[in-house]
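Novice: Give the three-dimensional model of this entry:
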Amino acid sequence: MFRCTFDCLGFGFDSKTDDYKVVRFLTNHIGEYEEEGLATGNSDYLILSFDMASEKFSTLPLPKFCVSLAQCCLQLLDFNGLLDAIVYPREGTEKSFDLWVMNGSWIRQFSIESVPGVERPLGFWQNGS
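Specialist: Coordinates of the predicted model:
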């Protein structure tokens, strides 16, 4: 039995065609086998990206930040024109926030130690911006 379920939508701008595009993400289910697309056989998680101009998908590995995504929260963002990831633990009151930058490979840019009462970051800004 084959079925396809709707997972989420992506929205972006193609500067080459000066047009907006919508990408629909689906998960295929074939009998008992479920094809996820975001995890490889060795439990390394990947970021799925879509190039609006070429209309092709590609993958990037996540930074080696914790044991599993079940233990950490991950927020992707653009910081100084590069793909970044803010990573912090899901549980506990002592939370540090790490900013990882993808510039050919993942590099931890900086870490902010626990701030009392802060559950999650909203983002990072440059001074004065």
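Novice: residue closest to the middle of this protein?
Specialist: Centre of the chain computed as the mean C-alpha position; nearest residue by CA atoms, centre = their mean is Leu76, 4.6 Å away.
Novice: Next up, the contacts around Gly104.
Specialist: Under the criterion of CB atoms under 8 Å, 6 or more residues apart in numbering, Gly104 has no neighbours. (Glycine included, C-beta is placed from N, CA and C.)
Novice: Could you check the pLDDT of it?
Specialist: Here the pLDDT value assigned to Gly104 is 87.
Novice: do the same with Val22
Specialist: What the model reports as pLDDT for Val22 is 88.
Novice: immediately after the helix-or-strand element of the chain with minimal mean pLDDT, which helix or strand?
Specialist: Least confident helix or strand, the chain: strand 33-35 with a mean of 42, by mean pLDDT, DSSP states H and E. Following strand 33-35 in sequence order, the next helix or strand is strand 46-51 (DSSP states H and E).
Novice: can you list contacts of whatever helix or strand comes next after that next one?
Specialist: Downstream of strand 46-51, the next assigned helix or strand under DSSP H and E is strand 56-61. By CB under 8 Å, 6+ apart, the surrounding residues in contact with strand 56-61 are 44-51, 83, 102, 106.
Novice: hmm, try it at 6 Å
Specialist: Contact with strand 56-61 is made by 46-50, as judged by CB atoms under 6 Å, 6 or more residues apart in numbering.
Novice: what's the angle from it to strand 46-51?
Specialist: Using axes from the mean of the first three to the mean of the last three CA atoms, to 10 degrees, the direction of strand 56-61 lies 150 degrees away from that of strand 46-51.
Novice: among the contacts of strand 56-61, which ones are buried?
Specialist: Ile47 (16 or more other CB atoms under 10 Å).
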